[in-house]
Structures are given as C-alpha cells and as structure tokens.
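Student: The sequence and its predicted three-dimensional model are supplied below.
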Amino acid sequence: MSVPDETVWLQELTWQDFESYVETEDHPTVIVPIGSTEQHGPHLPLGVDAYQAKDMAEEIAARTGVLAAPPIWYGDADHHLAFPGTVSLSSETVVAVLTDIYESLLSHGVENILTVNGHRMANNAAIEIAADNVKDDHPEAFFATIDLVLFGVRIYREMREGDKEAGFHGGEFETSFIMHKHPDLVKEDEFVASAAGGWTRFTSNDYVNLDDKVMTAKSRHDWPEDALGHQGDPTKASAEKGEELIERLCDNAEEFLDDLRAFRTAQQSDDGGSLGLSY
C-alpha cells in the first residue's frame with residue numbers, strides 16, 4: 001500500500017497519498033465506520049457505538065493494509081432520546097450521508113466499501129438502503145457490512161459467561177470493549193445488571209442467542225421511568241475479555257478481506273462470477 005506507514009486514516013493523508021493508494025492497490029478497499037452518540041447506562045460514555053466502529057475500523061485497516069474513512073459519530077438513535085445527551089439522525093439522513101460518502105469514494109476509484117457498524121443492528125436498514133441505491137448505479141462496486149453483533153455471534157456465544165443476557169446494550173461485551181480500549185471512560189462503581197424483560201420470547205433482545213424473532217418498532221417512549229438505559233450485565237465484563245473479543249473479531253475481518261481479494265482477482269481473471277447476493 002503506497003500510503004504513510006504511520007496512519008490508516010484517509011483524513012490524515014494528502015490527496016496524492018490517496019490517489020497513490022487507489023492506483024497501486026489491487027481492488028482498493030475503504031472501510032467506513034459508523035456508530036451512534038447515545039446513552040449506554042450509567043457506567044459507559046455516550047460514544048460507545050462510535051468508539052467501537054472507529055476502533056474496529058482502525059484495527060482491521062492496520063491488519064489488512066486498507067484505508068479507513070473518518071468515523072461517523074451519529075446514527076439512527078431515536079429510541080434512546082428519552083436519555084439526555086443522545087443525538088439522533090433520522091433514518092433518511094443516515095441513508096443520505098452514507099450515499100454521498102459511498103458515491104464520493106467510488107468516484108475516486110475505490111472498488112470495495114466495507115461499512116463497520118458499531119450501532120449494532122440499529123443502523124443496518126439505512127446502511128443496506130444506501131448501499132443498494134448506490135450499487136444500482138455502480139454494479140461493479142462491492143459493498144459489505146460488518147455489524148458488530150452479527151459478525152461475531154459465534155464468538156459471543158463461546159465467550160459469554162453465566163446465563164443469557166437479556167440484552168446487548170451496555171452489557172458484558174460492549175463494556176469489555178470500552179474497558180480495554182478506553183478504560184478512563186468506564187465507571188466501574190456503577191456496574192449493575194439490567195434485564196430487559198419481555199412479555200414473549202419472540203421479542204428477545206438477546207442477539208447472541210436468538211431463536212425465533214419478531215421484529216417490532218422501537219420508540220423513546222418504551223423505556224420505563226426507572227430505566228438505567230442499558231440491557232445486559234456489565235459485572236461480567238473485563239478488559240481482558242475486550243482484548244480477546246477485538247482480536248477474534250479482527251481475525252474474522254482479516255479472513256473476510258482475504259477471501260474478497262481472492263474472489264476479486266479470480267473474477268477479474270475469468271471476467272465472470274457474481275459479487276454475491278444476500279437475503
């Protein structure tokens with residue numbers, strides 16, 4: 001990769017550095033990290049989702065020799081606006097922002113765009129709409145999303161301690177991540193388990209061990225008055241667990257990007273093959 005060794009961030013390069021990367025890299029890839037600024041209970045900062053997206057994008061880019069675009073600190077977080085400090089974009093705004101970013105990157109010769117979603121699950125609909133819309137005009141481009149729930153379900157199942165979490169928001173794994181990467185932002189004296197009890201198993205927020213699932217609309221008005229905001233058990237978190245989690249998620253990402261490079265090279269050689277469909 002013909003960019004300075006000391007950075008993977010697009011915003012820290014000159015335009016000539018970026019041009020060199022696109023021209024010399026086979027099938028150039030850029031990672032787009034997007035998170036959210038929203039409450040995560042009394043023990044974690046508002047920026048948890050954005051920190052996770054940013055940190056994962058940086059780790060993946062450093063491992064695999066690709067570039068990362070500047071992180072997007074806001075997402076679709078209307079369902080957390082009951083808590084002060086939460087800043088939410090409408091779904092339409094998220095789609096518009098991502099569409100413009102994707103179009104800009106492709107116009108400069110980027111071929112693959114990997115979106116890292118730290119606002120687990122909630123941003124996915126907007127990401128998919130933006131990518132699908134842009135791909136209609138750029139059928140040769142490849143889009144993929146690493147959602148930090150879906151991308152590590154097997155890992156979470158293997159690592160989780162004790163009983164199932166009743167949620168995945170500010171619990172064992174998000175707390176572990178921030179304890180490892182940003183320990184000064186964690187208030188360990190505020191750790192308390194917070195269950196998200198449901199009236200039916202079909203609406204479980206336990207994304208790690210989902211069985212049958214009904215999708216429901218979410219609103220800021222759904223929170224009870226005494227809610228702390230998080231769902232899960234941060235008392236099971238540790239910095240060591242966060243380090244292992246990040247390492248294993250990056251292993252997955254490195255494998256995926258190796259597979260993508262091989263696939264793109266083979267596709268170029270035989271001028272055929274599909275870029276892949278998912279339903």
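Tutor: Yep, that arrived.
Student: What about Val66? Give its phi and psi, please.
Tutor: Main-chain torsions, Val66, degrees, to the nearest 10: phi -110, psi 180.
Student: Going by neighbour count, list what's buried in stretch 238-251.
Tutor: Ala239, Lys241, Gly242, Leu245, Ile246, Arg248, Leu249, Cys250 (16 or more other C-beta atoms under 10 Å). For glycine as for every other residue, the C-beta is placed from the backbone atoms N, C-alpha and C.
Student: next one: stretch 22-40
Tutor: For stretch 22-40, the neighbour count (16+ other C-beta under 10 Å) marks 22, 25, 27-40 as buried.
Student: From those residues, which land in strands?
Tutor: In strands, judged by DSSP state E, the following of the buried residues of stretch 22-40 are found: Thr29, Val30, Ile31, Val32, Pro33, Ile34.
Student: Model confidence for the fifth one, exactly?
Tutor: Which is Pro33. We have a pLDDT of 98 for Pro33.
Student: Quick check: it vs Arg220, distance?
Tutor: Distance of Pro33 to Arg220, given as C-beta to C-beta, to the nearest Å: 25 Å.
Student: Please list all residues in contact with the closest residue to Thr235 other than its chain neighbours.
Tutor: Using C-beta to C-beta, 6 or more residues apart in numbering and skipping the chain neighbours, the partner closest in space to Thr235 is Phe191 (5.0 Å). By C-beta atoms under 8 Å, 6 or more residues apart in numbering, Phe191 lies in contact with His43, Thr175, Pro234, Thr235, Ala237.
Student: let's see 7 Å
Tutor: By C-beta atoms under 7 Å, 6 or more residues apart in numbering, the contact list for Phe191 reads His43, Pro234, Thr235.
Student: do Ala53 as well
Tutor: Shown in contact with Ala53 (C-beta under 7 Å, 6+ apart): Pro33, Ile34, Gly35, Pro71, Val116, Asn117, Gly118.
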